[in-house]
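1. With the input below, show me the fold.
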Amino acid sequence: MDAKRVGIYRSYFLIVLLAAVVGSAICQAQSSLTISAAASLKDALTEAENAYRQGHANLNFANNFGSSGTLAAQIDQGAPVDVFLSAAAKPMDDLQAKGLIVAATRRNLLRNTLVLIAPPNSSLKDFQGLTGSSVRVVAIGDPASVPAGQYGKQTLAALKVMDKINSKVVLAKDVRQVLTYVETGNADAGLVYATDARISGKVRVVATAPESTHDAIVYPVAVVKGSRSEDAARKFLEYLRTPQAQAVFVKYGFTIAAR
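-> Modelled structure (predicted):
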């Protein structure tokens, strides 16, 4: 083989090698984690992710926020998710029973409080006031898929109000939609988490649901089985339990679950 042909082959080899290196770098730069998380976590989790990316510039997040029951159903149906963060234990329990999460990674991360909200000019004073004629529409999350709706239904039943206001209840797809209904005046009252009420200047907290009236509000997190980025997902879960990340959640009104 003459020197000229050797040179051509050598150049071709170098081009292929360079392309492989560049391609690898591009893939690394575009690596991402898909997070399915309860709608009530939207603001806090986004801020925590932005803080994490300061030390992991090659990592992007693709977030899917919604009701925990709906998100769990999507995972059950094969949606490509790396991390699931639920607003209740049951959706996570259901996935774990089917072997769809990495059980060793499951942790209770946060806690929250359920509150009754109304527009700022409302005269509503307590849960019993929901039975009055001035309250025509009460919004809660759909108990079939929304944990806040499940907690809300439990609270209203425990306070002996549910049966009296059944005709007034409007169901929402998630807790943030409940908040929007009250903010826009499409509902005279609603049941949301304290963290949701905290981010809005268009509602006021009327009353806090006694903890004895509903199941404990806990947010479990876990890596989803079959994650394409399990190592990165595990590291992100470790970060969520650090003082830095916890400070973000506390800022938004969450409390940290006991380990």
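2. could you pull out the strands for the stretch 101-250 of the chain?
-> With strands called from DSSP state E, counting those that start in this stretch, the stretch 101-250 of the chain shows them at 107-111, 114-118, 138-141, 169-172, 189-193, 204-208, 218-223.
3. now for those strands, which one comes closest to S68?
-> Nearest to S68, of all the strands of the stretch 101-250 of the chain, is strand 218-223, at 8.9 Å by Cβ to Cβ. All C-beta spots, glycine's among them, are computed from the backbone N, C-alpha and C.
4. List the contacts of the closest one.
-> Outside strand 218-223, the residues that touch it by Cβ atoms under 8 Å, 6 or more residues apart in numbering are 38, 41, 82-89, 92, 95-96, 101-103, 105-112, 230, 233-234, 237, 240, 254, 257.
5. Quick one: buried ones out of those residues?
-> By neighbour count, with 16 or more other Cβ atoms under 10 Å, these hold 38, 41, 82-89, 92, 95-96, 101-102, 105-106, 108-110, 112, 230, 233-234, 237, 240, 254, 257 as buried.
6. From the recorded domain assignment, give the ranges for this structure.
-> 1-30, 32-103+219-256, 114-213 (automatic domain parsing).
7. mind putting these in JSON lines, mean pLDDT included?
-> Conversion of the domains of the chain to JSON lines gives the following (pLDDT from 0 to 100):
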{"stretch": "domain 1-30", "mean pLDDT": "47"}
{"stretch": "domain 32-103+219-256", "mean pLDDT": "97"}
{"stretch": "domain 114-213", "mean pLDDT": "98"}
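8. now the strands of the stretch 101-250 of the chain as JSON lines including distance to T46?
-> Output for the strands of the stretch 101-250 of the chain, formatted as JSON lines (distance: least, Cβ to Cβ, whole Å):
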{"stretch": "strand 107-111", "distance to T46": "15"}
{"stretch": "strand 114-118", "distance to T46": "22"}
{"stretch": "strand 138-141", "distance to T46": "21"}
{"stretch": "strand 169-172", "distance to T46": "21"}
{"stretch": "strand 189-193", "distance to T46": "16"}
{"stretch": "strand 204-208", "distance to T46": "23"}
{"stretch": "strand 218-223", "distance to T46": "15"}
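9. so which of these gets nearest H56?
-> Nearest of the strands of the stretch 101-250 of the chain (Cβ to Cβ): strand 218-223, 16.5 Å.
10. The closest one pairs with which strands, and in what direction?
-> Take DSSP bridges as the rule and strand 218-223 pairs in its sheet with strand 83-85 (antiparallel), strand 107-111 (antiparallel).
11. how many neighbours does A72 have?
-> 26 (other Cβ atoms under 10 Å).
12. so it sits in a strand?
-> No: residue state for A72 (DSSP: H, G, I helix; E, B strand; the rest coil) corresponds to helix; a strand is not indicated.
13. quick one: it from A97, how far?
-> Distance of A72 to A97, given as Cβ to Cβ, to the nearest Å: 11 Å.
14. same deal with G141?
-> 23 Å.
15. of these two, who's got more company?
-> G141 (32 against 9).
16. Quick check: closest non-adjacent residue to that one.
-> G149 (3.0 Å; Cβ to Cβ, 6 or more residues apart in numbering).
17. who's in contact with the one you found?
-> Per Cβ under 8 Å, 6+ apart, neighbours of G149: I140, G141, D142, P143, L171, A172, V175, L191.
18. The first one contacts G152, doesn't it?
-> Read it as I140. Yes: between I140 and G152 there is a contact under Cβ atoms under 8 Å: 4.2 Å.
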